[in-house]
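> Pasting the sequence and the predicted coordinates here, then a few questions.
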Amino acid sequence: MRKPIRYKLKRILAALGSVLLLSACEHGGSGAIQPKPFPDAKENLIPYLEPGLSRYDPPIEVSFVRDADGLEELLSGLPGETLTDNRWSRLYEQVLGMKIKYDWIEKGELFRQKLGVSLASGDIPDVVKVSAQQLRQLSNAGLIQDLSEVYDKFATPLTKRILSQEGTGPFDSGTIDGKLMGIPETNSSYEQALFLWIRTDWLKRLGMQPPRTMNDLMEISKAFTEKDPDQNGKKDTFGLAATNYLWDPVMGVTGFMAGYDAFPNLWILDKSGKLVYGGIQPQIKTALQALQEMYRNGQIYSEFAYTDGRKVKEQIAEGKIGMMYGQQWGSFFVQASRSRNPSAEWQAFPLVTVSGEAPKVPLRFSTYQYFAVRKDYPHPEAIVKLINLHLEKNWGKTAEYETYYNTTIPVWQLSPVTPYPPLKNLEAFRELEEARRTGNRSVLKDEAEFIQKKIDAYSSGNGDRESGWGWERTYGPNGAMAILDQYEHNGQLLFERFVGAPTETMIEKQDILTHLQDETFTGIILGSPIDKFDRFVTDWRKLGGDKITAEVNEWFAARAFASTRRGR
């Protein structure tokens with residue numbers, strides 16, 4: 001089930017605290033190399049031959065609106081560049097003959113509020129990035145144009161290859177009534193894969209082994225809570241991290257529930273071949289009961305329901321928590337504990353199950369934003385051209401990684417469009433593995449080469465060693481990405497099956513159902529009778545869940561029929 005974008009962003013930001021995704025989880029990280037100055041000479045630019053990279057002559061203007069949250073700090077390290085005049089805006093003008101304009105610029109919640117008002121009034125820029133719900137509303141109002149032919153004609157082979165790495169889902173979700181109404185800003189479902197991060201120095205101190213089953217995990221949690229793993233003579237440690245948002249990408253309980261074959265927030269196939277909502281299945285009840293028991297026994301912080309990600313990160317830094325479920329960039333999160341205790345060691349482990357069998361690793365459909373084009377804008381292909389050039393200069397044959405992507409400063413953020421290959425981090429890991437296996441570092445491309453430098457700093461034990469710790473925990477031979485590679489090869493990744501545009505009832509009832517679920521699940525963990533789950537299921541179905549399920553299966557059947565027709 002998808003949350004409205006404002007809700008989703010608010011929760012994720014609260015979870016991340018000051019971490020700011022400094023790992024390569026999204027688009028890269030930080031390092032010791034100084035960013036290269038950007039070229040600004042037209043005569044040095046060789047024109048591209050593809051129609052999707054051709055130049056407008058005379059130049060055209062394309063307007064956006066912009067969330068500048070966090071960009072002031074980025075620009076402070078780029079003398080001579082501003083949000084409206086920078087290496088990307090100049091590149092787009094020089095190569096494509098396209099002048100980027102911003103109708104208005106705001107930050108954070110103010111941006112989202114102003115965007116909502118703008119969309120409601122129909123006062124939108126030439127190109128606007130919106131949520132799936134907003135895309136449907138704009139389409140229903142007739143304010144945006146069909147981009148089906150534009151994408152087919154102008155997307156370069158590189159763009160089509162990269163944007164298809166997530167399958168057809170992103171484009172299915174941007175398609176309304178058979179028309180592509182928004183170019184998806186594809187995110188990586190793979191990056192949502194979860195791992196179990198454990199303080200291995202505590203394991204060693206208590207003479208315990210990594211878990212193979214959920215029962216093993218429970219025993220470790222109990223020992224971390226009761227056996228004074230930090231040896232300070234106080235009962236002040238907790239077995240498992242949790243925050244007031246149960247589904248945090250780090251410190252959430254999604255990975256814990258997967259150990260019980262429970263998949264909240266995911267549309268999955270049942271035995272009859274129909275789509276069902278994972279959050280109302282009976283396995284959820286079992287997982288909630290286990291969490292309730294852990295909470296009752298003091299293995300989860302007593303005030304977790306009122307504690308955001310920043311506070312829990314502080315607890316980890318203080319050495320009060322021994323286990324955490326989290327994504328691959330969790331290494332940089334738990335690294336905070338090493339600033340106070342350099343001997344603290346964490347390692348990622350695969351998820352475990354009650355039976356000990358290999359778990360299914362839930363991956364929610366991750367594309368939730370789309371580029372829509374104003375109905376009367378005369379150059380709808382412009383957005384496709386911008387995407388083409390951004391991908392080309394970062395991952396194409398003419399890529400200039402340290403100029404347009406990221407070294408110490410993630411300069412890709414200056415662009416109004418920021419597509420990236422969803423599989424890029426997994427591919428970088430595989431390049432690193434090949435180099436480790438063969439001893440041939442020539443196979444390392446830009447991003448993998450950058451990561452290798454960070455791992456080398458860690459391995460060498462020199463003064464920059466600590467900056468490489470998180471990279472090694474993620475990309476080393478026994479790191480999180482090695483586990484993801486194993487998940488993928490073993491067929492353990494469980495992708496969400498509903499990838500269409502939000503249904504009409506989802507738009508109307510989504511907030512109500514989401515609030516009901518989160519409130520009920522948190523209450524049960526805190527001690528409410530477990531039978532409240534059964535009441536939740538009944539209420540969820542009555543308040544719109546059954547209707548949504550019917551709409552989702554109608555979409556699923558139509559998609560299967562369309563696939564069959566294409567296969568004839």
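Everything's here; your move. Residues are numbered from 1 along each chain as shown.

> only C-alpha atoms for contact and neighbour calcs from this point on.
Will do.

> tell me the contacts of Val276?
Shown in contact with Val276 (CA atoms under 8 Å, 6 or more residues apart in numbering): Trp267, Ile268, Leu269, Asp270, Thr549.

> and the closest residue to the fourth one other than its chain neighbours, what are its phi and psi?
If the residues on either side of it in the chain are set aside, Asp270 comes closest to Val276, at 6.4 Å by CA to CA, 6 or more residues apart in numbering. Val276 has phi and psi values of phi -130, psi 160 when expressed as degrees, to the nearest 10.

> mind checking pLDDT for Val276?
Per-residue confidence (pLDDT) for Val276: 98.

> got it, and Asn215?
98.

> what number of residues lie near the nearest residue to it once chain neighbours are set aside?
In this structure, Asn215 finds its nearest non-sequential neighbour in Val354, 6.7 Å apart by CA to CA, 6+ apart. Residues lying near Val354 (other CA atoms under 10 Å) number 17.

> Val354 touches Pro211, doesn't it?
No - taking contacts as CA atoms under 8 Å, Val354 lies outside contact range of Pro211: 10.8 Å.

> helices or strands next to the helix or strand harbouring Lys204 in the packing?
For Lys204, the host element (DSSP states H and E) is helix 200-205. Applying 3 or more CA pairs under 8 Å, 6 or more residues apart in numbering; DSSP states H and E, we find helix 200-205 packed against strand 346-349.

> mind listing what the strand it packs on pairs with, with the direction of each?
Strand 346-349 pairs in its sheet with strand 195-199 (antiparallel), by DSSP bridges.

> quick one: the partner strand to chain centroid distance?
19 Å (CA atoms, centre = their mean, to the nearest Å).

> quick one: average pLDDT of that strand?
Mean predicted confidence for strand 195-199 is 98.

> go on, stretch 133-147?
The model assigns stretch 133-147 a mean pLDDT of 95.

> how distant is that stretch from the center of its chain?
Using CA atoms, centre = their mean, the offset of stretch 133-147 from its chain centre is 25 Å.

> ok, Met323 - contacts?
Leu196, Trp197, Ile198, Arg199, Ser221, Gly239, Leu240, Ala241 are the contacts of Met323 under CA under 8 Å, 6+ apart.

> now with 7 Å?
By CA atoms under 7 Å, 6 or more residues apart in numbering, Met323 lies in contact with Trp197, Ile198, Arg199, Gly239, Leu240, Ala241.

> now Gly523
No residues are in contact with Gly523 under the rule CA under 7 Å, 6+ apart.

> For the helix or strand it falls within, list every residue counted as buried.
Under the criterion of DSSP H and E, Gly523 resides in helix 504-526. Buried residues in helix 504-526, defined by neighbour count with 16 or more other CA atoms under 10 Å: 506-507, 509-510, 513-514, 516-517, 520-526.

> Equivalent analysis for stretch 266-285, please.
266-268, 274-281, 283-285.

> again with stretch 332-344
Phe332, Phe333, Val334, Gln335, Ala336, Ser337, Arg338, Ala344.

> Of those, just say which sits nearest to Asp308.
Nearest to Asp308 out of the buried residues of stretch 332-344 is Phe333 (CA to CA; 14.2 Å).

> how near is the closest one to Met324?
Phe333 is 10 Å from Met324, where distance means CA to CA, to the nearest Å.

> do the same with Ser121
Counting by CA to CA, the gap from Ser121 to Met324 is 44 Å.

> can you check Pro359 too?
For Pro359 relative to Met324 (CA to CA), the value is 17 Å.

> Those two: who's more crowded?
Met324 (26 against 22).

> now the farthest one out in this structure, which residue is it?
Gly233 (39.6 Å; CA atoms, centre = their mean).

> phi, psi of it?
Torsion angles, degrees, to the nearest 10, at Gly233: phi 80, psi 10.

> next one: Gly330
Here Gly330 shows phi and psi, under degrees, to the nearest 10, equal to phi -60, psi -20.

> Number of residues surrounding it?
29.

> pretty sure it is touching Gly252, no?
No - the criterion here is CA atoms under 7 Å, and Gly330 misses it with Gly252 at 11.4 Å.

> what's the overlap in contacts for the two?
Counting by CA under 7 Å, 6+ apart, nothing touches both Gly330 and Gly252.

> dump the residue contacts of Arg374.
Ile124, Pro125, Asp126, Val127, Leu143, Ile144, Gln145.

> Over to Gly479?
Ala348, Glu472, Arg473.

> gap between the second one and Asp201?
Same thing as Glu472. 17 Å.

> One more: the last one?
Shown here: Arg473 relative to Asp201, a distance of 14 Å by CA to CA.

> Which one's more surrounded, those two?
Arg473 (25 against 17).
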